[in-house]
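Asks: Dropping the sequence and predicted coords here.
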Amino acid sequence: MRKNIVAGNWKMNNDLSETETLISNLLKQKQTSNAEVMIAPTAVNLYQAFNSTKNSNIEVIAQNMHFADNGAYTGEVSASMLKSVGIQTVILGHSERRAYFNETDELLAKKVDAALKNNMRVIFCFGEELADRKAGNEEKVVENQIKNALFHLDAAAFKNIVLAYEPVWAIGTGETASPEQAQDMHQFIRKTLNNKYGEQVSQDMTILYGGSVKPANAKEIFGKQDVDGGLIGGASLKAEDFIAIVNAF
Ligand code: 13P
């Protein structure tokens, strides 16, 4: 089923005490929408965050994970480790992982498989760079990212996948895709899914938009037919701003 989701990607921000403060401020805000709310703190604070949000509607999710179950991968965290501290959902394929940690579509396909094998839900991110858009290649780039990492899956697997379109040129830049640009791409993504998996998978898919979403523009972006929610970076670091975005539904 298609859902409304607002997820805060904290990236590499907030130490333990800042994590506790932000969560306690989030819990004080009044949520007036039915959107699912998620926050993704840094790995080292996931356990604490999970415990601090236990009696709330906030789901704590991970920003990344490795594809192996365990082994000689110094510095990495596996799906089963995330699950052992209560985490059920993981963000994969964020453009910062692709750009700074050389994550390729092929690697991401393995990560997606590992997450699904462990019964986790995946928020799969993708999006074109500015040069792609200037060259008119944004649809081709997005289509390839989705195909290469996800199209080996069967239709049933998509029940545990949420897509997040994040145009790289709109991340942390203050430059948001216009609501029409977001809608056009989301519609294209649904069409791409429809071509491969049919109407049911494409209509049930939750597709989030990410890139400079703030309280001032959330309502207009979320108002578009094929935009089912947001993946929020900078504005998720302030409790009032983040819940204002949640309440934009
Ligand atoms: P900003 O909201 O800071 O542009 O970041 C978006 C993002 O990358 C969320 O994953």
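Replies: Thanks, I have it.
Asks: counting contacts, what elements does the lengthiest helix in the chain pack onto?
Replies: Counting residues, the longest helix found in the chain (DSSP state H) is helix 179-197. Other helices and strands packing on helix 179-197, by 3 or more Cβ pairs under 8 Å, 6 or more residues apart in numbering; DSSP states H and E, are helix 138-150, strand 161-165, helix 199-204, strand 207-210, helix 215-222. In short, each C-beta sits where N, CA and C put it, glycine included.
Asks: Return the set of buried residues in it.
Replies: Of the residues in helix 179-197, 179, 181-186, 188-190, 192-193, 197 count as buried by neighbour count, 16 or more other Cβ atoms under 10 Å.
Asks: Most tightly packed of the helices and strands packed on helix 179-197?
Replies: Per residue and on average, the most neighbours among those fall to strand 207-210, with a mean of 26 (mean count of other Cβ atoms under 10 Å).
Asks: That one - what's its average pLDDT?
Replies: Per-region confidence: strand 207-210 scores 98 on mean pLDDT.
Asks: Cross-check the buried residues of helix 179-197 against the ligand and keep the overlap.
Replies: Restricting the buried residues of helix 179-197 to those within reach of the ligand (Cβ under 6 Å from any ligand atom) leaves nothing.
Asks: Tell me the one among these nearest to the ligand.
Replies: Closest to the ligand out of the buried residues of helix 179-197 is Ala182 (12.8 Å), distances taken as Cβ to the nearest ligand atom.
Asks: How much space separates the closest residue to that closest one other than its chain neighbours from Gln48?
Replies: Take Ala182 and drop its neighbours on the chain: the residue closest to it by Cβ to Cβ, 6 or more residues apart in numbering is Tyr209, 4.6 Å away. Counting by Cβ to Cβ, to the nearest Å, the gap between Tyr209 and Gln48 amounts to 29 Å.
Asks: and the residue of the chain at minimum distance from the ligand, how many residues sit next to it?
Replies: Closest contact between the chain and the ligand, by Cβ to the nearest ligand atom, is at Gly233 (2.2 Å). Other residues within reach of Gly233, judged by other Cβ atoms under 10 Å, total 21.
Asks: And it, how far from Lys11?
Replies: Applying Cβ to Cβ, the value for Gly233 to Lys11 is 6 Å.
Asks: The residue located most distally from the centre of the chain: what secondary structure?
Replies: The outermost residue of the chain relative to its centre, with distances by Cα atoms, centre = their mean, is Ala72 at 27.7 Å. State at Ala72, reduced to three classes by DSSP: H, G, I helix; E, B strand; the rest coil: coil.
Asks: Which stretches in this structure count as helices?
Replies: So, for the chain - with DSSP H - the helices run 16-28, 46-52, 79-84, 95-100, 105-117, 130-134, 138-150, 179-197, 199-204, 215-222, 239-246.
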